[in-house]
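[1] dropping a prediction and its sequence here:
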Amino acid sequence: MTPADIAKKLKEWITHYSSLSIFQKIGVIIGMLMCAILVAIPYVPDLSAHFFQKDKLGFSDFGILTLRYFAIVFLVSMLLLTIKDKKSEGRVNSLTEDGNSLVGEDGIHAIASEHCFSVYSPKGFAEQLSKIPTNQWASRASYIGIDGGKLWLEISRNPHYATDQRDLMDAVEKMLNGDLGISRIVSLGPGDSKSDSSIINYLYSISKNKITYIPVDISEYMVLNSIRCISEMHAAANVPFGVLGDFESDLQSIRELLGANEQEGKTLFVMLGNTISNLDKGPESFYKQVHLFMQPGDYFLFDILLGNYDQRLNGSIDKQCDANSIFPCDDVWDVYKKFIAQGARRISGDHSVYKDVLNEFSDNVVVTRRKYDFDDSDELCMQYKKDGVRKVPIFYWRKYDKNGEKFEARLKQKLNPTGRNGVIATDCIPDPVGGLKLFLYRRPNV
């Protein structure tokens, strides 16, 4: 081993040592002191006379040998503790193939480089997730954390929920019409990334150029899962980082983070999976930000869920409905109840709420149906009965009747505030829960 190798190892040890807890650091220091004292005692007359009433001790003394070896073993053990590959402490940095998290206080040192992903977030946002604003958040709270992310992925992968990718891509290819200028995809709420993956395949097939992919989500788990899936599936995809952020209310901060990755070509912003229909504040306030969020020539692709809830809820408007009657399939509903229950737990700040909601769903959750004024959508608001009395919104769903015509009219009004006509293409595709209408908006170049 060369002096350079020794210096490198010493530098690594110092780096790892600095990441230890205070108790581990104290343990290492005690071990080093024990070793130093027990090694020194036999050879220092004053010490040996003081501790053992002898002028000098030899190695033949069994007791002192035992203590010395114990001290050395203890010290070595503590040193190994500081340099082993730590994957069980600290913040999430990566995901394994089965979706479990790899974690490490010392960041990239704890994880193989091929499993290490970069995630950025607006300043202070990660800390804010631990203090959910219950008067502003509903649906968003259900997606946060590992539990919310895993449950949502389980729902989205269910055959009774998932959209057929071939139908989706037939519509997307027709709307994009072979535009070779798209070089980047920014996915707002990527879900299981299947739709994003299909779009990357299409864009690469027509341009033969690498496509940059950046997922944005309020759930760190969903961001990491999307990075891992796209990185592993697509050699033609460049995934520089993901963004942990709230695209519903703070697109400006996300725009600033994306600015570090500005490049030649257009950006395709994607928001699929009926995400528009789940926004806490509805689509109206979101559209006010979108036009400013995009650069001239950029695209915005999203979908809405068509139909209404008449058949399932017996036509009752402005009335409370049975929460158990919302979903058409038992296996989806069982997972959805867990998803809603953990959202109620986060909003309430009370861990016992999860079991209360899950075990007695109808007693703890009510659903109110109404017409949403902005675009005449059929809206369901699921509410948790906090303290048995006060109702706190925990999730929204919206469907759009009459082929979404009122929605489209409002969309054109909000996305073209200056009167310049952005190109809007639409297409409808079948869906397991009623049909989807796709929209493609292109911000004008002038």
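    Good, I have the coordinates.
[2] and the end-to-end length of stretch 214-224?
    11 Å (C-alpha to C-alpha, to the nearest Å).
[3] show me how far it is from its chain's centre.
    3 Å (C-alpha atoms, centre = their mean, to the nearest Å).
[4] residue contacts, Leu292?
    Residues near Leu292 by C-beta atoms under 8 Å, 6 or more residues apart in numbering: Leu251, Gln252. Just so you know, the C-beta spots here come from the backbone N, C-alpha and C atoms, and that holds for glycine as well.
[5] tell me the secondary structure for it?
    helix (DSSP: H, G, I helix; E, B strand; the rest coil).
[6] any idea how far it is from Pro215?
    The spacing between Leu292 and Pro215, counted by C-beta to C-beta, to the nearest Å, is 21 Å.
[7] next one: Asp363
    Taking C-beta to C-beta, one finds Asp363 at 38 Å from Pro215.
[8] with neighbour numbers in mind, choose between the two.
    Between Asp363 and Pro215, counting by other C-beta atoms under 10 Å, Pro215 is the more crowded of the two (28 against 12).
[9] show me how the chain divides into domains.
    Domain assignment for the chain by automatic domain parsing gives 3-83, 120-446.
[10] and among the ones you listed, the most buried is which?
    Most buried of those, by mean neighbour count (mean count of other C-beta atoms under 10 Å): domain 120-446, with a mean of 18.
[11] look up how far Lys319 lies from the nearest residue to Ser195 once chain neighbours are set aside.
    Spatial nearest neighbour of Ser195, excluding adjacent residues (C-beta to C-beta, 6 or more residues apart in numbering): Leu272 at 4.8 Å. Look at Leu272 and Lys319: by C-beta to C-beta, they are 31 Å apart.
[12] least confident of the domains of the chain, on average?
    When these are ranked by mean pLDDT, domain 3-83 comes last with a mean of 62.
[13] would you list every one of the strands in the stretch 201-350 of the chain?
    Applying DSSP state E, counting those that start in this stretch to the stretch 201-350 of the chain gives strands spanning 211-217, 237-238, 242-244, 266-271, 299-305, 319-321.
[14] with distance to Tyr384 added, can I get the ones you listed in CSV?
    Formatted as CSV, the strands of the stretch 201-350 of the chain follow (distance: least, C-beta to C-beta, whole Å):
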stretch, distance to Tyr384
strand 211-217, 23
strand 237-238, 39
strand 242-244, 25
strand 266-271, 26
strand 299-305, 23
strand 319-321, 13
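[15] which one of those lies closest to Ser118?
    When the strands of the stretch 201-350 of the chain are compared by C-beta to C-beta, strand 242-244 sits nearest Ser118, at 7.2 Å.
[16] quick one: strands adjacent to that closest one?
    strand 119-120 (parallel), strand 211-217 (parallel) (DSSP bridges).
[17] wait, which of those is closest to Asp298?
    Proximity to Asp298 (C-beta to C-beta) singles out strand 211-217 among the strands paired with strand 242-244, at 13.2 Å.
[18] quick one: contacts of the closest one?
    With C-beta under 8 Å, 6+ apart, strand 211-217 has contacts from 143, 182-190, 193, 196, 200, 203-204, 222-223, 226-227, 230, 234, 236-245, 247, 254, 258, 261, 263.
[19] tell me which stretches of the stretch 201-350 of the chain form helices.
    All helices of the stretch 201-350 of the chain, identified by DSSP state H, counting those that start in this stretch, fall at 220-233, 251-258, 283-293, 310-313, 330-348.
[20] which one of these lies closest to Lys123?
    That would be helix 251-258 among those, by C-beta to C-beta, at 8.0 Å.
[21] so what's the residue nearest to Met294 when sequence neighbours are not counted up against?
    Setting aside the residues directly before and after it, Met294 is nearest to Arg443 in space (C-beta to C-beta, 6+ apart), at 4.5 Å. Contact analysis of Arg443 by C-beta under 8 Å, 6+ apart lists His291, Met294, Gln295, Pro296, Gly297, Asp298, Tyr299, Phe300, Gly422.
[22] from those, which is closest to Asp373?
    Closest approach to Asp373 among the contacts of Arg443 (C-beta to C-beta): His291, at 21.4 Å.
[23] about what we covered before: now the residue nearest to Met294, what are its backbone angles?
    phi -70, psi 130 (degrees, to the nearest 10).
[24] and it, how far is that from Tyr287?
    Distance of Arg443 to Tyr287, given as C-beta to C-beta: 12 Å.
[25] ditto for Asp376
    According to C-beta to C-beta, Asp376 stands 16 Å off from Tyr287.
[26] same deal with Asn274?
    According to C-beta to C-beta, Asn274 and Tyr287 sit 16 Å apart.
[27] now Asn209
    Separation of Asn209 from Tyr287 (C-beta to C-beta): 31 Å.
[28] do the same with Val223
    Between Val223 and Tyr287 the computed distance is 24 Å (C-beta to C-beta).
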